[in-house]
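Trainee: dropping the sequence and predicted coords here.
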Amino acid sequence: MKTLHSYWAYVVLAVLIYAVINAIIGLAKKKEFTHKDFRLGLFSLITMHIMFVLGLILYIIEGRYQNFGETMKVAEARLLALEHPLMMIIAIVLLTIGWSKHKKQVKSESKFKTFTIFYGLALLIVLSRIPWSNWF
């Protein structure tokens, strides 16, 4: 499960970076919001939600919630037990809000702006709480 969660993280990160860059370019160049942009935003949302399910299963399997008092004293253990899961949930909430808000927008510029803001913030949060020591 840990291996699947780790490899899926690369997919999520790549798709999310691509979605944010696409939104920034679309906003800057005043492009028309197409079905491709819609699907990219949706694919980002879906991959992130799949990652959440995988992470939740991993969290339960590994029992990181047990002995929480001792875990909070060790920085790396705290990152994996509290900071990473909490910040990823916040990132997923931001993606979901951005997805919902963009559907209510009529203008392409507004849709790209919504994606840029919400997906961009989610990307920053994800990048800030990835356990980089486990990646390399």
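Mentor: Done, it's in.
Trainee: from here on, just use CA atoms for contacts and neighbour counts.
Mentor: Noted.
Trainee: tell me the pLDDT at residue 31?
Mentor: Listed pLDDT for residue 31 reads 97.
Trainee: ok, it - contacts?
Mentor: Counting by C-alpha atoms under 8 Å, 6 or more residues apart in numbering, residue 31 makes contact with 108-109.
Trainee: check residue 33 too.
Mentor: Contacts of residue 33 were listed using C-alpha under 8 Å, 6+ apart, and they are 26, 108-109, 111-112.
Trainee: which one among the residues you listed gets closest to residue 16?
Mentor: Ranked by distance to residue 16 (C-alpha to C-alpha), the contacts of residue 33 are led by residue 112 at 14.0 Å.
Trainee: may I ask which helix or strand encompasses that closest one?
Mentor: In the assignment (DSSP states H and E), residue 112 maps to helix 108-129.
Trainee: what's the mean pLDDT across that helix?
Mentor: Averaged across helix 108-129, pLDDT comes to 96.
Trainee: with that, I have no additional questions.
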